[in-house]
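*Asks:* 3D, please:
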Amino acid sequence: MFKAEPFVTRVAFAASDRPEAQDALKALTKRYGQTPEDQAQVIVALGGDGFMLETLHRNMGAPKPIYGMNRGSVGFLMNEYSADDLLERINAAERAVIHPLSMVAVDARRRQHRALAINEVSLLRQTRQTAKLRISIDGKVRLNELSCDGALVATPAGSTAYNLSAHGPIIPLDAKVLALTPISAFRPRRWRGALLPHGARVSFEILEADKRPVSAVADNFEVRDVLEVHVAENRDISLVMLFDAGRSLEERVLAEQFSG
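*Replies:* Predicted structure coming up:
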């Protein structure tokens with residue numbers, strides 16, 4: 001974590017479709033003006049965590065710092081909403097630098113699909129049939145057969161999202177590891193997943209794919225009827241989120257581990 005660069009004055013506002021986000025957009029642009037995104041120093045995202053992810057994805061090609069304010073439901077990745085002293089808050093903010101996951105999924109027609117995920121790449125059974133997965137790390141089979149509802153690979157930033165709901169570990173942002181977490185594992189029943197070096201390449205082979213179809217999801221991008229999926233961290237892309245001083249993402253991840 002380090003301090004944001006000072007003297008930010010050019011801000012672009014973006015808002016979700018929620019009425020409270022649209023109301024905030026009108027109020028803030030009236031008060032602070034609206035700079036086109038290609039000329040802005042910082043983008044202010046108004047909505048919930050889902051909209052923050054959308055904004056990060058939309059700016060993946062030319063990443064700019066994103067300062068989110070919660071006008072949605074969850075808001076773990078967002079700052080508290082206030083129309084006052086916005087530029088001062090942005091200039092005093094702390095940065096969280098994250099790297100997305102790259103997913104390459106091969107479907108039943110042998111077509112390749114590529115996508116990036118900020119939170120996680122998840123494999124999910126498509127029918128009532130349990131999925132069967134073979135898991136390899138860096139080309140070596142580590143789990144010959146996992147019977148489950150699915151499995152996921154999560155970034156540190158995404159470890160408090162779906163990964164946490166699936167009873168995966170919360171990961172500090174600077175830990176340089178990824179979480180490999182099963183979803184409702186049936187066999188081996190006691191396998192709880194693994195922590196992997198951030199440079200690891202994770203490969204999933206879908207067993208009995210015709211009988212037990214599986215989909216692969218990179219954040220909100222889904223591929224149906226996959227045969228194999230490869231996941232690795234993309235260190236060539238750095239995404240920056242801004243958080244109010246004393247309320248950094250690192251602090252929130254730490255606090256989450258002591259919450260009820």
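*Asks:* use CA for all of it now, contacts and neighbours both
*Replies:* Noted.
*Asks:* which SS state does Ile135 fall under?
*Replies:* Using DSSP: H, G, I helix; E, B strand; the rest coil, the three-state assignment for Ile135 comes out as strand.
*Asks:* name the element Asp23 belongs to?
*Replies:* Secondary structure assigned from DSSP states H and E places Asp23 in helix 19-32.
*Asks:* Gln112 contacts Val106, correct?
*Replies:* Yes - Gln112 is in contact with Val106 according to C-alpha atoms under 8 Å; the separation is 4.6 Å.
*Asks:* and the two? which has more neighbours close in?
*Replies:* Neighbours per residue, other C-alpha atoms under 10 Å: of Gln112 and Val106, the larger number sits with Val106, 21 against 15.
*Asks:* now that one: how far from Val214?
*Replies:* With the distance defined as C-alpha to C-alpha, to the nearest Å, Val106 ends up 11 Å from Val214.
*Asks:* so what sits against both of those two?
*Replies:* Among the neighbours of Val106, those also in contact with Val214 (C-alpha atoms under 8 Å, 6 or more residues apart in numbering) are 226-227.
*Asks:* what's the burial count for His113?
*Replies:* By the other C-alpha under 10 Å criterion, the neighbourhood of His113 contains 16 residues.
*Asks:* ok, it - contacts?
*Replies:* Applying C-alpha under 8 Å, 6+ apart, we find His113 in contact with 103-107, 223.
*Asks:* Farthest-apart pair in those, please.
*Replies:* Based on C-alpha to C-alpha, the longest span within the contacts of His113 runs between Met103 and Asp107 and measures 12.6 Å.
*Asks:* Looking at these two, which is more packed in?
*Replies:* Neighbours per residue, other C-alpha under 10 Å: of Met103 and Asp107, the larger number sits with Met103, 26 against 19.
*Asks:* any idea how far the helix or strand hosting that one is from the chain center?
*Replies:* Met103 belongs to strand 101-107 when elements are defined using DSSP H and E. Mean C-alpha position of strand 101-107 versus that of the full chain (C-alpha atoms, centre = their mean, to the nearest Å) differs by 15 Å.
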